[in-house]
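> Show me how the following folds:
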Amino acid sequence: QDALVVENDDILVALASTVTPHVQSYRQLRFVGPREVAVTLTPSPRELAAGTVELRAITSMVSTGTELLIFRGDFDVTDAPLDATIKGLADSSLAYPLSYGYSLVGQVAAVGPSVPSRLLGSTAFAFAPHASAAFVDAASLIEVPSDLAEEPAEAAFLPAAETAISIVHDAHPRFGEVVGVFGAGVVGLLVVSALARFGVRTLVCDPLPARRAVAKRLGASVAVAPDEAPHCECDIAIECSGNPTALQGAIEATRDHGTVVLASWYGRKPVALQLGTRFHRSHLRLVVSQVSEL
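Numbers count the residues shown, from 1 in each chain. Okay, here's the model as predicted:
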């Protein structure tokens, strides 16, 4: 007797004409004005488009630098996209109201036509705004490794780690140099961790003792409060605190012909600098680091 043998299950999924999302609506965080947010109920698409997946959120991490700037209304309103390199944010501008966030980890609840069925039930990361569900391009998903199966939320640190690595690339440290890191928040600590693998001496400056202690555990040679910041000791100083006053400290900490890497986004915060004789004669190089365009 003749028999039909199917050797690729993905063919069966691709044959389906429509795929309906598991949820009819989902909760989404919206920034509606300075220091004002709202959780809205957003209708799900009637069907999943080809190449897309429905991601049911497990966790969504807040960026305390970029997102606090947006929450407080300190960003400079512009027609520039939220992020030119992230699909879903490239079509939105920096103006209220807006959905934001880019560190979402979830479980794949449904897959659209042409998406491999093996993704169903898997845990994945997506550059998607804060919401209880996300409908994203399957090609943009990053599957969470099996060794993070018990703590999938840790995958939400991916953008911060990517930012830290980009900052270190822009700083371009060389073996034996002294690197100052101003700000030991999430990004600053990841920068310290990355620098520990470069054979450099790392000096950390942060006002919080708990952060300084973590920096030491991650490889910092010295961790001090701002009033103990070094003077003309660093070959490179990295400012990643988000606080404009730290930029002055980074400049003063860098020796002549050194490099200051500005990784913070200040938005509309005023930046007052003392750029006197020493700065004028220093031949310092200022590098602006931003992860979305490498």
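> hey, let's count contacts and neighbours off CA atoms from now on
OK.
> Against Leu55, how distant is His231?
49 Å (C-alpha to C-alpha, to the nearest Å).
> what about this structure, any weak spots by pLDDT?
Within the chain, the segments meeting pLDDT under 70 span 1-18, 20, 77-92, 292-294.
> and the longest helix for it?
The helix that spans the most residues within the chain, counting by DSSP state H, is helix 158-171.
> Can you point out the buried residues in that helix?
Across helix 158-171, burial judged by 16 or more other C-alpha atoms under 10 Å covers 158-161, 163-168, 170-171.
> Identify the residues contacting Leu69.
Residues in contact with Leu69 (C-alpha atoms under 8 Å, 6 or more residues apart in numbering) are 75, 266-267.
> What about those, which one has the most neighbours?
Most neighbours among those, by other C-alpha atoms under 10 Å: Phe75, with 20 neighbours.
> sorry, back to before: mind giving me the packing neighbours of the longest helix of the chain?
helix 186-195, strand 254-262 (3 or more C-alpha pairs under 8 Å, 6 or more residues apart in numbering; DSSP states H and E).
> If we use 6 Å, what do you get?
helix 186-195 (3 or more C-alpha pairs under 6 Å, 6 or more residues apart in numbering; DSSP states H and E).
> strand partners of the next helix or strand after the helix it packs on, parallel vs antiparallel please.
Counting by DSSP states H and E, the next helix or strand C-terminal to helix 186-195 is strand 201-205. Sheet pairing of strand 201-205 (DSSP bridges) gives strand 178-182 (parallel), strand 222-224 (parallel).
> what angle separates strand 201-205 from helix 186-195?
Angle between the axes of strand 201-205 and helix 186-195 is 170 degrees (criterion: axes from the mean of the first three to the mean of the last three C-alpha atoms, to 10 degrees).
> Go ahead and confirm Ser264 touches Gly242.
Yes: Ser264 lies in contact with Gly242 (C-alpha atoms under 6 Å); the separation is 4.8 Å.
> Quick check: neighbours shared by the two?
Common contacts of Ser264 and Gly242 (C-alpha atoms under 6 Å, 6 or more residues apart in numbering): none found.
> Excluding chain neighbours, what is closest to Asp215?
For residue 215 the amino acid is Ala, not Asp. Leu189 (6.0 Å; C-alpha to C-alpha, 6 or more residues apart in numbering).
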